[in-house]
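J.: coordinates only, no sequence provided:
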């Protein structure tokens, strides 16, 4: 869920017209950047634990393992640097990408509600150009600022059929808003009046997901999940602007727990982002994407009578929206630490992830995007 | 103890997170443009329209005595402007010191001085100037110009003083005979001022509307220098039932001869008596309601005026008309205005050709104005209205198409819903 407010103020002129692309980076093309819907813990393992993690809303079967009620909050600032040749730009994006709550139902079931950022479009660009206004040529500075995100609200049910088999079902509502602010300013404020336009896009989409966690042996855990997307609509001033489908997603994960105090995990996922094509203009082309990651979680030393947990991981994926008509890939390396407090009623995770993104397009050969993402997760068992 | 250490560690982590939370967002990634930032579509289009449905020259009607300065001008057969300053409270008694409980009757007056502040900007002072002071006390109403002007007669002349050009700056002192005060004890003294010189002369005196206590009349009532001078400021006691109007009449300019107005069909701004131009517009709805106006220019074609001071500079300021349709008198509607434009049109009356005034802020105001209730109108007036004889003239809507007042409006063509 994005931090930016979702306040509706729409002065959109409901006429066909140009697209509004703030963008300016490889990762914020189209409808925005997908943080991945991973908890701080799963992020540190390259997403390897994503399908086993109760707090990550990727596999509804994972919540069946939750024996206590729990609430999870995550804060995740991203410090991004884009460079292309001699030019570069640094951005700071603050996100609250995940909030979840899980409540056990009986001894083998659980229900969970999670709100996570699906696509974060927050971005801002500014540029100057010469335009003819009346009888003279003037320099206009145009700024496009987009705030907001599409969020995934998931209500999930998990059930342990046997100690070795967990299953889950979930319903998803994709909702959220993008607020777009466009300004044109001129150096001569006496002659020219600045233009300020704002519009709000609202999103409503639906999907369902199912998953399973299997323990074929004492040291091996498998997980599979799938999400089937239904229609997603974009509306402006209560009018539907466009519609497409929520991307489908299939994923599989593996966790090896044969090493004492440690687990090795891996995951692979395929997401059909191309089903979003048509939701935006032709400039926002989405392509199906693969994602894969591996990670290690291991118990560390005890400090102040508190057991620390260390995590390492790496993840590779292609991003949903193309830049210059070709795919954008992302390679990430992450490390993190976790500890429990208050007699294990609260736990705190921290992850630092480094990501490198590049575009396949020849026109963007020199373009590089690097980012550091700090993720803080607080889990509380009331 | 262990619990406290845990709490401290947890608090430390929260502080760290709070520190990161405090980082302000910076989303600007313009470095990726233009390749990663498709054109936002903010084109500019310009249209020039003939929107004037009514234009006319009207009297400024700002009211006698409301001018910021008093004009003294003797310009031969083109202009004759004089000033009247009223002191309607000449005392009969005085106190030696302010704390005295008793007062003394004024029997002698000495060292009578009229102190005035001169404004020579835009003045015509080629050489020494003589200012004549007349007793224009009368029962005639101040608004009866001919009657008041007729009081400037030799037999009413109180005093004259000739000033060198160098003396006419800032504050000037004009000595009056003691009899002028003594004869008006307990009543009122109305002074008429007129300037004359070898040739044409024109200068301005600050009025009570243009400065704080710009004029003072003071005199001594005893040779004892320990007693302070009696000091009076302009004051009008009539009309008694209209204090605002009376305040305006503390001092005022009276025109014995005004400037010639332009011909019919001409839009005239300025002059004496002052004139304004009222322009009412009918603007296509989409330009007001549906687009973002970047620039709006009022195009006026100036007609040369070779009258008084044709080479001097006059500044024309457009006001936005706020009168509703209930005000059917255009002259009165021209008084109900507001200033929303800072752009002034600076020109010489003798000039001709296209003149442009930027009025985009007015168009923005019109967006929130119901045109059926409040007609969209501009009122053009001089920034020195009623204080100078300068008059700018423009072609009206009845002129040839290329000479009429027009509006040139540039607007943004961007109409995006915000889809990427």
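T.: Arrived safely, thanks for sending. Everything numeric in this text was worked out from a predicted model, so none of it was measured.

J.: now do the buried residues in the biggest strand by length in chain B.
T.: Longest strand in chain B, counting residues (DSSP state E): strand B:110-124. Neighbour-count burial for strand B:110-124 flags B:112-114, B:116-119, B:122-124 (criterion: 16 or more other Cβ atoms under 10 Å in any protein chain shown). All C-beta spots, glycine's among them, are computed from the backbone N, C-alpha and C.

J.: go on, stretch B:51-59?
T.: Residues B:51-52, B:55-58 are the ones in stretch B:51-59 that count as buried (16+ other Cβ under 10 Å).

J.: which SSE is immediately downstream of the longest strand along chain A?
T.: Ranked by residue count and defined by DSSP E, the top strand of chain A is strand A:136-162. Downstream of strand A:136-162, the next assigned helix or strand under DSSP states H and E is strand A:165-185.

J.: helices or strands next to that following strand in the packing?
T.: In terms of contacts (3 or more Cβ pairs under 8 Å, 6 or more residues apart in numbering or on different chains; DSSP states H and E), strand A:165-185 is packed against strand A:136-162, strand A:195-214.

J.: and residue 329, how many neighbours?
T.: With no chain named, the answer covers chain A. Applying other Cβ atoms under 10 Å in any protein chain shown, we find 16 other residues in the vicinity of residue A:329.

J.: hmm, no, I was thinking of chain B.
T.: Neighbourhood size, residue B:329 [other Cβ under 10 Å]: 11.

J.: residue B:34 too?
T.: 12.

J.: could you do residue A:111 as well?
T.: Using other Cβ under 10 Å, residue A:111 is surrounded by 17 other residues.

J.: who is it paired with across the strands?
T.: residue A:103, residue A:157 (DSSP bridges).

J.: which residues touch it?
T.: Contact analysis of residue A:111 by Cβ atoms under 8 Å, 6 or more residues apart in numbering or on different chains lists A:63, A:102-103, A:105, A:155-158.

J.: separation between residue A:108 and chain B?
T.: Distance from residue A:108 to chain B, counting by Cβ to the nearest Cβ, to the nearest Å: 32 Å.

J.: so what's the closest residue to that residue other than its chain neighbours up against?
T.: In space, and not counting its chain neighbours, residue A:108 is closest to residue A:160: 4.3 Å by Cβ to Cβ, 6 or more residues apart in numbering or on different chains. Residues in contact with residue A:160 (Cβ under 8 Å, 6+ apart) are A:64-65, A:108-109, A:166.

J.: dump the residues you listed to TSV, plus secondary structure, neighbour count and pLDDT.
T.: Shown next, in TSV, are the contacts of residue A:160 (DSSP: H, G, I helix; E, B strand; the rest coil; neighbours: other Cβ atoms under 10 Å in any protein chain shown; pLDDT from 0 to 100):
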residue	secondary structure	neighbour count	pLDDT
A:64	helix	29	92
A:65	helix	17	79
A:108	coil	16	90
A:109	strand	17	93
A:166	strand	28	95
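
J.: can you tell me which of those lies closest to chain B?
T.: Lowest distance from chain B to the contacts of residue A:160 (Cβ to the nearest Cβ) belongs to residue A:65, with 25.0 Å.

J.: per-residue confidence at the residue nearest to residue A:108?
T.: We have a pLDDT of 94 for residue A:160.

J.: next one: it from residue A:257, what distance?
T.: 17 Å (Cβ to Cβ, to the nearest Å).

J.: cool, residue B:334 as well?
T.: Taking Cβ to Cβ, one finds residue B:334 at 89 Å from residue A:257.

J.: which one's more surrounded, the two?
T.: Taking other Cβ under 10 Å, residue B:334 and residue A:257 do not tie; residue B:334 has more neighbours (28 against 17).

J.: if I look at the more buried one, how far off is chain A?
T.: Relative to chain A, and taking Cβ to the nearest Cβ, residue B:334 is found at 25 Å.

J.: so what's that residue up against?
T.: Residues near residue B:334 by Cβ under 8 Å, 6+ apart: B:58, B:60-61, B:276, B:278, B:321, B:323, B:379.

J.: where do the strands of the stretch 251-382 of chain A begin and end?
T.: A:262-271, A:289-303, A:306-318, A:328-341, A:346-359, A:367-380 (DSSP state E, counting those that start in this stretch).

J.: and those strands: which comes nearest residue A:184?
T.: Each of the strands of the stretch 251-382 of chain A has some distance to residue A:184 by Cβ to Cβ; the shortest is strand A:367-380, at 26.9 Å.

J.: quick revisit: what about the longest strand of chain A, distance to the chain center?
T.: With Cα atoms, centre = their mean, to the nearest Å as the basis, strand A:136-162 stands 9 Å off its chain's centre.

J.: for stretch B:234-242, same thing?
T.: The answer for stretch B:234-242 is 23 Å, by Cα atoms, centre = their mean.

J.: check what contacts it and list those residues.
T.: B:85-89, B:188, B:208, B:215, B:245-251.

J.: want to throw the contacts of residue A:111 into TSV with distance to residue A:113 and neighbour count?
T.: Shown next, in TSV, are the contacts of residue A:111 (distance: Cβ to Cβ, whole Å; neighbours: other Cβ atoms under 10 Å in any protein chain shown):
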residue	distance to residue A:113	neighbour count
A:63	10	32
A:102	8	26
A:103	9	15
A:105	13	13
A:155	6	15
A:156	8	27
A:157	11	18
A:158	12	29
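
J.: by pLDDT, give me the weakest of those.
T.: For the contacts of residue A:111, the least confident entry is residue A:105, with 90.

J.: can you tell me which residues contact it?
T.: Contacts of residue A:105 (Cβ under 8 Å, 6+ apart): A:111, A:157.

J.: that one and residue A:157: what is the separation?
T.: Relative to residue A:157, residue A:105 is positioned 8 Å away (Cβ to Cβ).

J.: once you drop chain neighbours, what's closest to the residue in the stretch 301-420 of chain B that chain A sits nearest to?
T.: Using Cβ to the nearest Cβ, the closest approach of the stretch 301-420 of chain B to chain A is made by residue B:418 at 3.5 Å. In space, and not counting its chain neighbours, residue B:418 is closest to residue A:180: 3.5 Å by Cβ to Cβ, 6+ apart.
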